[in-house]
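Task: produce atomic coordinates for the following.
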Amino acid sequence: MKKLVTTFLFVLNLYVLFGQNTSPEIQQVVTGFINSIKNQKGNKPGYKIAFPLERRYPIPPIYNEQEFIKRYHEIFDDSLINLIVHSDPQKDWSVMGWRGIMFLNGLVWLEEDGTLRAVTDQSKFERDEWVKLVSIEKKGLYKSINKFKQPICVFETMKYRIRIDDLGNSNYRYVSWPLNSRMSDKPELVLENGEYVPEGSGGNHSYKFKSGDYMYECSIIVMGQDDSPPARLTIYKGDKPIVSQDAKMITM
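Numbers count the residues shown, from 1 in each chain. Sure thing, here's the model as predicted:
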């Protein structure tokens, strides 16, 4: 899922508007994380991690500590490690209110207790892996939908499998199939000229697609309640919602 990239597109403006000086307590938390990175070398991390740790779709998320250790150097390459190890806890890390602690312009996010929440930086390994996986994915799609700039996400409701792609120039495409179909099958519905809509400063966002009197809204829920689904499909006829289905994200 490309939730990871869209989640933090807003961080630079937030840094300017809301960034706060780090208190001595937060500096201590950050220093602990820096020292753990300095000493980790791919072994058991000395900090908690909020799993799943999302990666740029279609790179699969990391679901547990064992997998994190195995893929550690795919995420924390020498360049990112060097930035963190030589960072200044007071100058390079900012408290962003309830969003947590941000490193530089959002390369790494911590919760205020030092839990690693997100790494938005992408190593050379992951950049190369992303290109390879996107190429594989395109070959497995129905021929009329295998051209796009980059994939955004795939999610499933109780009835549909839905794919959103960025076609370039702020043009998003919605493609859906019944759950018993494959993405190599002819889609049931294809809508283009979709709109990306940010929702507040927490990273939640949606994609909206119009088809005559109908509007299809795909909500990606980054910050929600404990029981909030990762995504939701709502279909409107005029201003009236006629379908609302929770959804789960799918990693291909």
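
so where do the helices sit in the stretch 51-200 of the chain?
Per DSSP state H, counting those that start in this stretch, the stretch 51-200 of the chain carries helices over the ranges 65-75, 78-85, 124-139.

could those go into a markdown table alongside mean neighbour count, distance to Thr22 and mean pLDDT?
C-betas here are computed from N, CA, C, even on glycine. Converted to a markdown table, the helices of the stretch 51-200 of the chain look like this (neighbours: other CB atoms under 10 Å; distance: least, CB to CB, whole Å; pLDDT from 0 to 100):
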| stretch | mean neighbour count | distance to Thr22 | mean pLDDT |
| --- | --- | --- | --- |
| helix 65-75 | 15 | 24 | 95 |
| helix 78-85 | 14 | 15 | 97 |
| helix 124-139 | 14 | 28 | 97 |
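
Counting by contacts, list what whichever strand or helix holds Thr31 packs against.
Using DSSP states H and E, Thr31 sits within helix 24-40. Applying 3 or more CB pairs under 8 Å, 6 or more residues apart in numbering; DSSP states H and E, we find helix 24-40 packed against helix 78-85, strand 93-95, strand 101-103, strand 108-110.

mind listing what the last one pairs with, with the direction of each?
Right, the one you point to is strand 108-110. Strand pairing for strand 108-110, using DSSP bridges, gives strand 101-103 (antiparallel), strand 116-119 (antiparallel).

average pLDDT for that strand?
Strand 108-110 comes out with an average pLDDT of 94.

What lies in contact with that strand?
8, 29-30, 33, 80, 84, 99-103, 116-121 (CB atoms under 8 Å, 6 or more residues apart in numbering).

do the third one as well
By CB under 8 Å, 6+ apart, the surrounding residues in contact with strand 101-103 are 11, 14-15, 19, 22, 26, 29-30, 83-84, 87, 92-96, 108-112.

my read is Ala247 is in a strand, agree?
Yes: under DSSP: H, G, I helix; E, B strand; the rest coil, Ala247 falls within a strand.

give me the beta-bridge partners of it?
Those that pair with Ala247 in a beta bridge, by DSSP bridges, are Ala231.

Next up, the contacts around it.
155-157, 162, 229-233.

between the residues you listed, which is nearest Lys208?
Nearest to Lys208 out of those is Leu233 (CB to CB; 11.4 Å).

What's the separation between that closest one and Thr120?
Plainly put, Leu233 is 26 Å away from Thr120 if you go by CB to CB, to the nearest Å.

Quick check: closest non-adjacent residue to Ile164.
Among residues not flanking Ile164 along the chain, Ile152 sits closest, at 4.2 Å (CB to CB, 6 or more residues apart in numbering).

sorry, that was for Leu133
Pro58 (4.6 Å).

cool, and Asn193?
Leaving aside its sequence neighbours, Asn193 sits nearest to Asn171 (CB to CB, 6+ apart; 5.9 Å).
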